[in-house]
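J.: mind looking at a prediction? Sequence and model below.
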Amino acid sequence: GKIQPKVEEDKSTLSNPLFTRAKHVDWNVVVNFKEHILNATATYQIEILPSSNNDDDDGQGKSIELDTRGLNISSITLDGNTTDFKLDDAIEGKLHLGQRLTIPLPKSATELVTLVIQYTTSPDADKCSAAQWLTPAQTSGKNYPYLFTQCQAIHARSILPCYDCPRVKMTYNASITVPSWSTAVMSALPVQSKSRPSDGMHTFTFEQPVPIPAYLLALAVGELASRDLSPRCRVWCEPSILDAAADEFHQTETFLTTAEDITSMPYAWQRYDLLLLPGSFPYGGMENPCLTFVTPTLLAGDGSLVCVVAHEIAHSWTGNLVTNLTWGHFWLNEGWTTWLQRRIMNKVEGVSHDMDLDTIGGALALEKDIALIDEKMTSLVLTLGDGDPDESYSRVPYEKGFHLIYSLERLVGQETFLELVAAYLKKFAYTTVTSEEFRQFCISFWKDTNPVAYTKVKEFPWDAWLYDYGMPPLPKFNKELAEAAELLAAAWVDYDAKLLHAPTTDIGQWTSAQRVCFLDAMLNMLQGGENCSLKKFEISTLKLMQEMYGFHLSKNSEILFRYCMLAVQSEDKDIYPTVVRFITSQGRMKYIRPLYRAMFASAAARSIAIDTFMRSKDFYHPIATKMIAYDMTRDQKRTFLSRLKMKVVGSKVGMASGGLGLIALAAITSVAMRRSKK
């Protein structure tokens, strides 16, 4: 086999989890909307591991080392005694790593110490990258501000000192004090709430009895209402969209019980609630335990996009219970979860085909991402070093990871494979797993019970799947549902080339998934797929398509996004107001990043892209702002930061070389320099 890269060391953390680690934290927070800060106290139970007594550990075990980012620390006590501490400077060029906080351990320290840290977070979004503070205008109700956090991958360190790495799992209790008009919700079980009439504040308490890594800590505060969907499921959102949210997510309990059936393991987290966030939330969903965060772009009105909820529910087993040891093994979280999501949807929808319509779309998305990203980011096992994990984010861990799991399932048969699923979850629940541990578990699983399956899995090309770059081998897809969509796409491409006979196929009875497949097929053809030489449609073709299908008016974000991509690529200037409205009304990176890239790549739309981004960058979540700035400048062949380090103010170079475009590009670059941590 190949020389396997060492990925066990986690350079994305500055903490010392091999020597000390958190068992539990009590997090006491006062939310200050006026100053955009959290006034907080973190009380840790820290375990001193036996290896810290080793004389060869370079002194690492003689102190507690934690990740922080932009925190203002006022005092620290260790076992009740005030103690000295050292807060390192940020590492130049590696701002995403934050600052190491070192607390020396006295020789008298026992196996378990109590560490109390009083601090405030930074009001600067560049430093407090986990928190987004929304103005009333950015909410649905328009009356009150809103706060939510997004800690994955390594942003938890910006809201509390912690071991910001997946390998450390801890339980937590929290006490969150907020203005009386607001409600606080967390990735934990609600315990009680108490009003404080004396100062107009309200305190909510929570407990999370299941150990979690820091990236799953989550908090949201706003004007919230809720409705029960079942005894253990509830939806939270702003009052004005509660009816729509409750209708859209009515199948939540069904997804949950279906996942329990497939995994042969009861749901471990007691409650599964959903929080529908304001539009700037950068992801489709975030699997925060007990309280999944989801984007309002799922509100299609017909439940057609709720597979995202199935995905986040699946994470309750694969990701939250069984967690990747480091971000280099992220595919173990996402590949497994994508497999389980598709199994859930297949079972709930009772379809005869083997979940292939969604899988076909996923494979197309994977192919596009692989063509776009650095080749080294296209293997399943990644060597990230101390780089920013956000910058390795792509469809690879989801779709290529899915295909590894799916290949194993098809190799041994579904019924046999489900035996392994149950055993894998049971063995690694509440802990972490690496790709090598997963491989060895699979190879040895049927050794004594099923010689045929054992031989097949042992001979499976593991090295190629885990370490090779590029597209994985794909199975022969079931094209039963996709065929009509692909034929219609080909007919439109043919019509555009000859302008003779427009397709007349009625798609009124097609599902949203089939319409998405149709749009995907056209986009794929325009990007060189199916040996198609056409790069864009005639404007008249798009106008006819709009008349027939109304894609530009769709409330389904997946459909609208794809049609916008098609129209931008074809330089239909009439679509630009629709695109701008779409990318400024929500901040889901799945949609806004490709649309900004497409507009930026188009001579006709580039200035609109730059102007829209500069006007809207404060609306987006800090992670999204960073990644859009990165996308819009990465075409400068990875050396853009050094070549574009021009001063924006009074830049004679900018004025002489194209005026607004270059100056604005320099401004975007300055955002990238602050946020992309290169």
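T.: Everything's here; your move.
J.: where does this protein dip in pLDDT?
T.: 1-7, 51-61, 352-355, 529-533, 635-678 (pLDDT under 70).
J.: of all residues in it, which one is nearest the centre?
T.: When Cα atoms, centre = their mean is applied to the chain, the residue found nearest the centroid is Y283 (5.3 Å).
J.: that residue contacts T295, correct?
T.: Yes - counting by Cβ atoms under 8 Å, Y283 sits close enough to T295 to count as a contact (6.7 Å). In short, each C-beta sits where N, CA and C put it, glycine included.
J.: overlap in contacts of these two?
T.: When contacts are counted by Cβ atoms under 8 Å, 6 or more residues apart in numbering, Y283 and T295 are jointly contacted by R588.
J.: and G413, how many residues sit next to it?
T.: G413: 12 surrounding residues under other Cβ atoms under 10 Å.
J.: ok, S557 next?
T.: Based on other Cβ under 10 Å, the number of other residues close to S557 is 22.
J.: would you confirm that it contacts I592?
T.: No - counting by Cβ under 8 Å, S557 stays clear of I592, with 10.9 Å between them.
J.: anything in contact with each of the two?
T.: The contact sets of S557 and I592 overlap at Q586 (Cβ under 8 Å, 6+ apart).
J.: coming back round to it: look at the residue nearest to the centre of the chain and give its secondary structure.
T.: Per DSSP: H, G, I helix; E, B strand; the rest coil, the secondary structure class of Y283 is coil.
J.: is the closest residue to A109 other than its chain neighbours bridged to anything, and to what?
T.: The shortest distance from A109 to any residue other than its chain neighbours is 5.9 Å, reached at I48 (Cβ to Cβ, 6 or more residues apart in numbering). For I48, the beta-bridge assignment (DSSP bridges) gives partners T20.
J.: pretty sure I48 is touching T110, no?
T.: Yes - counting by Cβ under 8 Å, T110 is a contact partner of I48 at 7.3 Å.
J.: look at the two and report which has more neighbours.
T.: Applying other Cβ under 10 Å to I48 and T110 shows that I48 carries more neighbours, namely 19 against 8.
J.: show me where the stretch 201-350 of the chain has helices.
T.: In order along the chain, the stretch 201-350 of the chain carries the following helices (DSSP state H, counting those that start in this stretch): 242-248, 252-263, 307-314, 330-349.
J.: what is the strand or helix carrying V191 packed up against?
T.: According to DSSP states H and E, V191 maps onto strand 189-196. When contacts are defined as 3 or more Cβ pairs under 8 Å, 6 or more residues apart in numbering; DSSP states H and E, strand 189-196 sits against strand 201-212.
J.: partner strands of the strand it packs on and their direction?
T.: Strand 201-212 pairs in its sheet with strand 170-179 (antiparallel), strand 189-196 (antiparallel), by DSSP bridges.
J.: just the CA atoms of it, as PDB, please.
T.: Listed next in PDB are the C-alpha coordinates belonging to strand 201-212 (Å, rounded to 0.1, in the frame of the first residue of the first chain):
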ATOM      1  CA  MET A 201     -33.400  40.400  32.400                       C
ATOM      2  CA  HIS A 202     -34.300  36.700  32.200                       C
ATOM      3  CA  THR A 203     -32.100  33.700  33.000                       C
ATOM      4  CA  PHE A 204     -32.400  30.400  31.100                       C
ATOM      5  CA  THR A 205     -30.600  27.300  32.400                       C
ATOM      6  CA  PHE A 206     -29.600  24.200  30.400                       C
ATOM      7  CA  GLU A 207     -27.800  20.900  30.800                       C
ATOM      8  CA  GLN A 208     -26.100  18.600  28.300                       C
ATOM      9  CA  PRO A 209     -25.500  15.200  29.900                       C
ATOM     10  CA  VAL A 210     -24.000  13.600  26.800                       C
ATOM     11  CA  PRO A 211     -20.300  14.600  26.200                       C
ATOM     12  CA  ILE A 212     -19.800  16.800  23.200                       C
END
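J.: when you give positions from now on, start the count at 47
T.: Sure thing, new numbering starts at 47, so read that last one as strand 247-258.
J.: circling back: redo the strands paired with strand 247-258 as JSON lines? Include mean neighbour count.
T.: Formatted as JSON lines, the strands paired with strand 247-258 follow (neighbours: other Cβ atoms under 10 Å):
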{"stretch": "strand 216-225", "mean neighbour count": "20"}
{"stretch": "strand 235-242", "mean neighbour count": "13"}
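J.: let me know the outermost residue of the chain.
T.: Seen from the C-alpha centroid of the chain, the residue lying at the greatest distance (Cα atoms, centre = their mean) is L546, 45.0 Å away.
J.: what separation do you get for that residue and T679?
T.: 43 Å (Cβ to Cβ, to the nearest Å).
J.: ditto for L345
T.: Distance of L345 to T679, computed by Cβ to Cβ: 33 Å.
J.: and W282, how many neighbours?
T.: Other residues near W282 come to 21 when the count uses other Cβ under 10 Å.
J.: over to K188?
T.: 12.
J.: equivalent analysis for the one 10 residues further on, please.
T.: Q198 is flanked by 26 other residues according to other Cβ under 10 Å.
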